[in-house]
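# build me a structure from this.
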Amino acid sequence: MNDTTPPLEGTPLIAPSSTDHPLYEQVVEACRSVYDPEIPVNIYELGLIYTIDINDENEVNIKMSLTAPGCPVAGEMPGWVADAVEPIAGVKQVDVALIWEPPWGMDMMSDEARLELGFM
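All right, here's what the predicted structure looks like:
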């Protein structure tokens, strides 16, 4: 399958997270501690964390995006997320990947983020 092949019908654009894993909520809270320096809202509420996948060995794989590809902290933000998640007791390893598909949009923000930024 090449990059121009559309996703199969019914295939989610964003892979589902491991919401039933015992560490999931702690990982979400760690992500909420990371802020985009240009926006006074954490990256989780901004909708920049696309997928939190935690396997049976407690290896955490996070797929995230940025508000724009030219974001000045593009090279640093994945490291900030990994640094926030790694100290959680039980986490074996953290891998944070920056992805651009689907592109981030303001509709991905939580209601809290919209309220904080004056969009509600």
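
# check what pLDDT Arg78 gets.
Just so we're on the same page, residue 78 is Pro rather than Arg. The model reports Pro78 with a pLDDT of 95.

# distance of the residue sitting nearest the centre point of the chain from Gly118?
The centre of the chain sits closest to Ile49, judged by C-alpha atoms, centre = their mean, with a distance of 1.3 Å. According to C-beta to C-beta, to the nearest Å, Ile49 and Gly118 sit 22 Å apart. Yep, even glycine has a C-beta here, placed from its N, CA and C like the rest.

# with Ile52 instead?
With C-beta to C-beta as the criterion, Ile52 and Gly118 are 28 Å apart.

# between these two, who's got more neighbours?
The neighbour comparison of Ile52 against Gly118 (other C-beta atoms under 10 Å) goes to Ile52, with 24 against 6.

# doesn't that one fall inside a strand?
Yes - assessed with DSSP: H, G, I helix; E, B strand; the rest coil, Ile52 lies in a strand.
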